[in-house]
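Asks: Requesting a structural model of the entry that follows:
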Amino acid sequence: MASMRRLAIGTTLALSILAGCASQGELEEGAVYDPLEPANRLVFAMNDAVDTMVLQPSAYVYKTVVPDAVREVVRNFLDWLSSPVYIANSLLQGDLEGLEHNASRFVANSPMFGLVDNATGLGLPRRPEDFGQTLAVWGSDDGPYLMLPLLGPSNLRDTVGLVADYFLDPINYIEGDDDARFRLQIARRVVGAVDFRAENFDQINDLKATSVDYYARVRTIYKQRRDALIRNGTPPPVTGPSSGSSGEFEEFQPSNTPIQQSGQRSTD
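Replies: Numbering: from 1, shown residues only. Prediction:
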């Protein structure tokens with residue numbers, strides 16, 4: 001396990017350098033740099049097959065059998081587990097307001113171990129932060145667009161963020177059996193993915209059915225959502241007719257885990 005962590009640290013450092021140096025050239029405002037499109041489309045097709053055969057049926061059963069109130073409890077708990085990562089990235093971004101916000105949310109929801117979202121009622125809505133956003137705040141470009149197996153849409157910067165967030169997650173440092181921690185993390189990702197897919201069930205199915213180019217629409221939605229998260233929801237600066245977004249990404253429910261941060265529409 002220690003050797004795997006050292007390897008992951010080395011990978012993170014190498015990818016961080018690449019993310020900082022990756023040149024996107026001159027892109028139209030809002031365009032996505034996708035030099036690996038043929039390979040990305042292949043991975044996307046594989047992910048879509050997994051969604052059709054596994055995730056979509058699982059999400060349908062989950063949303064049909066499990067009451068809304070129970071699914072909300074699950075969602076609250078997953079968000080609470082991610083709170084330390086949100087807090088760490090707010091600090092790394094130098095965002096004192098965000099740090100106070102996420103720390104206050106964590107404290108407010110901790111008495112019930114995150115099962116009940118007291119914080120939103122206190123005016124502290126979910127505000128996810130990750131290391132990909134942190135890199136963006138400090139000037140890192142997106143880098144090339146990437147379609148990750150099972151994890152979905154990403155880019156070089158956000159892929160670095162996924163690895164870095166692993167090391168910021170305190171669950172990985174709990175004393176005990178490494179295999180048990182690994183199983184816990186896998187279960188957390190799987191439950192998060194099924195919950196996100198269930199919450200956005202109809203939207204994702206409509207997106208598939210109505211898209212002339214499903215891959216291109218998901219790519220655009222991912223870009224819009226990530227840009228909005230980096231800006232913390234503030235409108236983008238208006239620099240010309242192409243500025244702004246279609247708002248399509250807003251149809252998807254917010255995501256709390258890397259697998260949910262795929263940028264896919266609210267159905268995740």
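Asks: What are the phi and psi values at V32?
Replies: Main-chain dihedrals, V32, degrees, to the nearest 10: phi -110, psi 130.
Asks: ok, and what's touching the longest helix anywhere in the chain?
Replies: Using DSSP state H, we find that the single longest helix of the chain is helix 68-92. Counting by Cβ atoms under 8 Å, 6 or more residues apart in numbering, the neighbours of helix 68-92 from elsewhere in the structure are 62-63, 66, 98-99, 101-103, 105-106, 109-110, 113-117, 126-131, 133-134, 165, 168-171, 188, 191-192, 195, 198-199, 256-257. Bear in mind the C-beta positions are built from the backbone N, C-alpha and C, glycine included.
Asks: could you give me the average pLDDT of it?
Replies: Over the span of helix 68-92, the pLDDT mean works out to 97.
Asks: Just the buried positions in the helix or strand that that helix is followed by, please.
Replies: On the C-terminal side of helix 68-92, the closest following helix or strand by DSSP states H and E is helix 96-109. In terms of neighbour count (16 or more other Cβ atoms under 10 Å), helix 96-109 has its buried residues at 98-99, 101-103, 105-106, 108-109.
Asks: For L151, state which of the residues you listed is nearest.
Replies: Within the buried residues of helix 96-109, the smallest distance to L151 is 23.3 Å, found for N102 (Cβ to Cβ).
Asks: since we're on the residue nearest to that closest one when sequence neighbours are not counted, how many residues are nearby?
Replies: When the adjacent residues along the chain are set aside, N102 lies closest to Y86, with 4.4 Å between them (Cβ to Cβ, 6 or more residues apart in numbering). Neighbours of Y86 under the rule other Cβ atoms under 10 Å: 26.
Asks: how far away is Y86 from V194?
Replies: Separation of Y86 from V194 (Cβ to Cβ, to the nearest Å) stands at 22 Å.
Asks: swap in A49?
Replies: Look at A49 and V194: by Cβ to Cβ, they are 17 Å apart.
Asks: who has more neighbours, these two?
Replies: Set side by side, A49 and V194 give different neighbour counts by other Cβ under 10 Å, the larger being at V194 (24 against 10).
Asks: wait, that one sits on Y62?
Replies: Yes: here V194 lies in contact with Y62, judged by Cβ atoms under 8 Å, at a distance of 5.3 Å.
Asks: No further questions, thank you.
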